[in-house]
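A.B. asks: Here is a sequence together with a model predicted from it:
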Amino acid sequence: MSFKNFINKTFRRGKCIMCIYVSEDRRIRLDYVIPDGKNLTVHNKSYIINEDDLFLYKGIPSYILTTKESEPVKINPLNQRKSLMSADDYNTAISSQVAKEIFLATKKGIDTGMISLIISGLTLVGLLVLAYLGNEFLTEIVTKLNELKNIIASFGVGG
C-alpha cells in the first residue's frame, strides 16, 4: 500500500473512495482516492462516478474500475447499462474540454490594458519607421547640399 493510500484510508476515510482497479493483465489493486466532483482519477485515467454503482465494503464507499470502461463496473443486476466510451476516450474528452475552455476564456475579449499596450507598441514602431525614413531623407538632403556647394565652388563664387 502506498503512503498516499495509507493517509487517505486512515485519516481521510470520510472523504475517500476505495477503488478496486482491475488492469488489462487482470491484476487487482486497491486504491483510496478522493473524488473531484463527479470524476475520479486513478492511475492517470479519469472515470465518471455515480451513486448507482456505489457499494459499501467494510464501511467504505467503493467502486470497481477497469481500463476498458469510463464508468465503474455495474454490480447491481437491475442497473446494467453499457458505458458510452472507454476510459481513454473519456480522459481525452476531458482534456479537450479543458483546452476548449482555456481557448474560450482567452477569446472573450481584449481589456483596456491590452488595447493600450498594442497602441503603445504600434506608436513605437511608427516612430522608429519615421526616424529611419527621416534619417534617410536628411542624409539625402546633406548629400545634395554638398553637391550644390561643390558646383558653386567650381564657379568660383563664395568662399
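C.D. replies: Nice, thanks for sending it over. Residues are numbered from 1 along each chain as shown.

A.B. asks: any idea which element the closest residue to residue 43 other than its chain neighbours lies in?
C.D. replies: Of all residues not flanking residue 43 in the chain, residue 21 sits nearest, at 6.5 Å (Cβ to Cβ, 6 or more residues apart in numbering). Placement of C-beta: from N, CA and C, glycine included. Per DSSP states H and E: residue 21 is located in strand 17-22.

A.B. asks: And residue 73, how far from residue 62?
C.D. replies: As judged by Cβ to Cβ, to the nearest Å, residue 73 and residue 62 stand 11 Å apart.

A.B. asks: what's the answer for residue 95, then?
C.D. replies: From residue 95 over to residue 62 (counting by Cβ to Cβ), the distance is 27 Å.

A.B. asks: More neighbours: which of those two?
C.D. replies: Neighbour tally, residue 95 and residue 62, criterion other Cβ atoms under 10 Å: the higher count belongs to residue 62, 20 against 11.

A.B. asks: Tell me who's in contact with that one.
C.D. replies: Contacts for residue 62 (Cβ atoms under 8 Å, 6 or more residues apart in numbering) come out as 17, 18, 19, 20, 54, 55, 56.

A.B. asks: Over to residue 30?
C.D. replies: Residues in contact with residue 30 (Cβ under 8 Å, 6+ apart) are 1, 5, 18, 19, 20, 21.

A.B. asks: Just the buried subset of the contacts of residue 62, please.
C.D. replies: 17, 18, 19, 20 (16 or more other Cβ atoms under 10 Å).

A.B. asks: need the contacts of residue 62 in JSON lines with distance to residue 149 and pLDDT, can you?
C.D. replies: Below are these laid out as JSON lines (distance: Cβ to Cβ, whole Å; pLDDT from 0 to 100):
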{"residue": "17", "distance to residue 149": "92", "pLDDT": "86"}
{"residue": "18", "distance to residue 149": "96", "pLDDT": "87"}
{"residue": "19", "distance to residue 149": "92", "pLDDT": "87"}
{"residue": "20", "distance to residue 149": "97", "pLDDT": "87"}
{"residue": "54", "distance to residue 149": "97", "pLDDT": "80"}
{"residue": "55", "distance to residue 149": "102", "pLDDT": "83"}
{"residue": "56", "distance to residue 149": "103", "pLDDT": "84"}
